[in-house]
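*Asks:* Could you work out the structure for the sequence below:
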Amino acid sequence: MAKKRAVDKTKKNLPKTPQKKVEVIEDLVNSPQTKKALLKKGLVKSPEEEKEVEVLRAVASDLSSAIKVLKRNNKNEGRAAFNTMKSLAF
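*Replies:* The predicted structure follows:
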């Protein structure tokens, strides 16, 4: 119950416009102690995790485009490459 009251009071005291609200919350989240606590709970990603996600998205995109090209290729080499890529799926 105390948590709900605290959240309600905080919401009431935050600025009404979304941009100003975001600025205030961003400053709160960027404080070292708060950021550390949010990282522990998994609510905020560390810079290393963000880079890893970006790399994985790039790899997935590259594989997807390669598969599309190989699927449309009717030559034996293309089919062999496609079958090889399918066998590597994990």
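*Asks:* quick check: mean pLDDT across whatever helix or strand Lys68 lives in?
*Replies:* Using DSSP states H and E, Lys68 sits in helix 47-72. Mean pLDDT, helix 47-72: 87.
*Asks:* Packing partners of that helix?
*Replies:* Here helix 47-72 touches helix 76-87, going by 3 or more C-beta pairs under 8 Å, 6 or more residues apart in numbering; DSSP states H and E. In this view, the C-beta of every residue, glycine as well, is placed from N, C-alpha and C.
*Asks:* now the angle from the helix it packs on to helix 47-72?
*Replies:* Orientation of helix 76-87 against helix 47-72 (axes from the mean of the first three to the mean of the last three C-alpha atoms, to 10 degrees) gives an angle of 140 degrees.
*Asks:* I'd like the distance from Arg57 to Glu50, if you could.
*Replies:* Distance, Arg57 to Glu50, by C-beta to C-beta, to the nearest Å: 11 Å.
*Asks:* whoops, Val22 was the one
*Replies:* Per C-beta to C-beta, Val22 is found 19 Å from Glu50.
*Asks:* do the same with Asn76
*Replies:* In terms of C-beta to C-beta, Asn76 sits 42 Å off from Glu50.
*Asks:* does Met85 really touch Val69, like I thought?
*Replies:* No: in this structure, Met85 is not within contact of Val69 by C-beta atoms under 8 Å, at 10.6 Å.
*Asks:* and Asn83, what pLDDT?
*Replies:* 75.
*Asks:* swap in Val29?
*Replies:* pLDDT, Val29: 88.
*Asks:* Spit out the contact partners of it.
*Replies:* Lys35, Leu38, Val44 (C-beta atoms under 8 Å, 6 or more residues apart in numbering).
*Asks:* quick one: the strand or helix carrying the first one to helix 47-72, angle?
*Replies:* Element membership of Lys35, judged by DSSP H and E, is helix 32-41. The directions of helix 32-41 and helix 47-72 differ by 40 degrees, with the same axes, to 10 degrees as the criterion.
*Asks:* can you list contacts of helix 32-41?
*Replies:* Taking C-beta under 8 Å, 6+ apart as the rule, helix 32-41 contacts Leu28, Val29, Val44, Lys45, Ser46.
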